[in-house]
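Novice: task: produce atomic coordinates for the following.
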Amino acid sequence: MPIEQGDRVRLDYVGRFEDGTVFATSRPAVATEHDLLPPEEGDPTPLSFTVGAAEVIDGLESAVIGMKVGAEATVRVPPEEAYGEHDPDRVREYDPEAFEAMVGEPPEIGTHVEAKNDLHGDVTAVTDESVQVDFNHELAGRTLRFDIEVLDVESARGKKGL
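Specialist: The predicted model follows:
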């Protein structure tokens, strides 16, 4: 049965940037090859989501509609169907002392911060006068390419995928 809205889908994937650099995967061998396994975590697992429930990016969700178990595809997802365009208004500057008082540690490039309004950001620049924090998603503004394989489908119509 072809995948439809409401179906629960499980798939293997390899996510790449347009230059071919792998940024995420559910395949352990690919994760090992591209050094994507943090030492404290186990092997990556397949991605599971319900089509239409906004659990994954739009471009990936729409790509699986009509596919069947065992089907494979390469999907190109532009920023507007992924994490949006990079928004310069989401890059903020703070006084270094104020930053340290808010975060509880000195500013350092790469430091991940979480604001009280649940925004997450990363320190991207530090000078004597300012600390720059980018609250855009790390993949904002990027076109992504996914190699996907449908492993399983639980149909919203009550049948397991065939």
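
Novice: for the chain, which spans come out with low pLDDT?
Specialist: 39-40, 159-162 (pLDDT under 70).

Novice: according to the record, where do the domains of it fall?
Specialist: What automatic domain parsing lists as the domains of the chain is 8-84+139-154, 88-134.

Novice: quick one: the ones you listed as JSON lines, columns for distance to Pro2 and mean neighbour count too.
Specialist: No exception for glycine: its C-beta is placed from N, CA and C like everyone else's. Putting the domains of the chain into JSON lines (distance: least, Cβ to Cβ, whole Å; neighbours: other Cβ atoms under 10 Å) gives the following:
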{"stretch": "domain 8-84+139-154", "distance to Pro2": "5", "mean neighbour count": "16"}
{"stretch": "domain 88-134", "distance to Pro2": "36", "mean neighbour count": "13"}
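
Novice: the residue nearest to the spatial centre of the chain and Val103: what is the separation?
Specialist: With distances taken as Cα atoms, centre = their mean, Leu139 lies nearest the centre of the chain, 6.9 Å away. According to Cβ to Cβ, to the nearest Å, Leu139 and Val103 sit 23 Å apart.

Novice: swap in Ala31?
Specialist: Taking Cβ to Cβ, one finds Ala31 at 31 Å from Val103.

Novice: just the strands in the protein please.
Specialist: Listed in chain order, the strands of the chain (DSSP state E) span residues 8-17, 22-25, 47-50, 72-77, 91-94, 112-114, 120-126, 131-134, 144-154.

Novice: reformat the ones you listed as a markdown table; add distance to Ile65.
Specialist: Below are the strands of the chain laid out as a markdown table (distance: least, Cβ to Cβ, whole Å):
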| stretch | distance to Ile65 |
| --- | --- |
| strand 8-17 | 10 |
| strand 22-25 | 21 |
| strand 47-50 | 12 |
| strand 72-77 | 11 |
| strand 91-94 | 35 |
| strand 112-114 | 34 |
| strand 120-126 | 30 |
| strand 131-134 | 33 |
| strand 144-154 | 11 |
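
Novice: Pro38: which of these is closest?
Specialist: Among these, strand 22-25 comes nearest to Pro38, with 12.4 Å by Cβ to Cβ.

Novice: neighbouring contacts of the closest one?
Specialist: 13-17, 30-31, 34, 36, 44, 139, 144 (Cβ atoms under 8 Å, 6 or more residues apart in numbering).

Novice: is it true that Gly121 touches His137?
Specialist: No. Counting by Cβ atoms under 8 Å, Gly121 sits too far from His137 to count as a contact (9.8 Å).
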